[in-house]
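Undergrad: need a 3D model of the following:
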Amino acid sequence: MSFSQIRIGSIKGMFPDFLIWTVLPMIPFIIAEQWWPVGVAPRWRDYSMNILLSLSTAFLSLPLGTAAGLWSGQLRHGAPL
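TA: Down below sits the predicted model:
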């Protein structure tokens, strides 16, 4: 498989798991922060920015992880183990 095929397949399979592991765990903290704010309670727009930042981080790190996996597969043939 080529690099772009692997990346597209990974993006397609990543979306449901990404919501489960990043957005859902934030919900109790969002509720607690709205009920008992330390200072001024954050707006909903602030939470959407956090979610967008975590989405962009995951999708930007995906090509680097794919490249590292392909590169290590090539190195495996030359490794003495």
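
Undergrad: for P37, helix, strand, or coil?
TA: Recorded secondary structure, P37: coil (DSSP: H, G, I helix; E, B strand; the rest coil).

Undergrad: count of neighbours near it?
TA: P37 has 10 neighbours, counted by other Cβ atoms under 10 Å. From N, CA and C alone the C-beta is placed, and that goes for glycine too.

Undergrad: list the contacts of it.
TA: P37 makes no contacts at all, as judged by Cβ atoms under 8 Å, 6 or more residues apart in numbering.

Undergrad: just the helices in this structure please.
TA: 3-18, 26-35, 44-75 (DSSP state H).

Undergrad: what distance separates the longest one from the centre of its chain?
TA: The one in question is helix 44-75. In terms of Cα atoms, centre = their mean, to the nearest Å, the centre of helix 44-75 is found 5 Å from the chain centre.

Undergrad: which other helices and strands does that helix contact?
TA: On a contact count with 3 or more Cβ pairs under 8 Å, 6 or more residues apart in numbering; DSSP states H and E, helix 44-75 meets helix 3-18, helix 26-35.

Undergrad: restricting the selection to alpha carbons, write the last one to PDB.
TA: I take that to be helix 26-35. C-alpha atoms of helix 26-35 as PDB (Å, rounded to 0.1, in the frame of the first residue of the first chain):
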ATOM      1  CA  MET A  26     -14.300  16.000  28.400                       C
ATOM      2  CA  ILE A  27     -18.000  16.100  29.200                       C
ATOM      3  CA  PRO A  28     -17.800  15.600  33.000                       C
ATOM      4  CA  PHE A  29     -15.100  18.300  33.200                       C
ATOM      5  CA  ILE A  30     -17.200  20.700  31.100                       C
ATOM      6  CA  ILE A  31     -20.200  20.200  33.400                       C
ATOM      7  CA  ALA A  32     -18.100  20.600  36.600                       C
ATOM      8  CA  GLU A  33     -16.500  23.700  35.200                       C
ATOM      9  CA  GLN A  34     -19.900  25.200  34.400                       C
ATOM     10  CA  TRP A  35     -21.300  24.400  37.800                       C
END
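
Undergrad: average pLDDT for it?
TA: The average pLDDT within helix 26-35 is 86.
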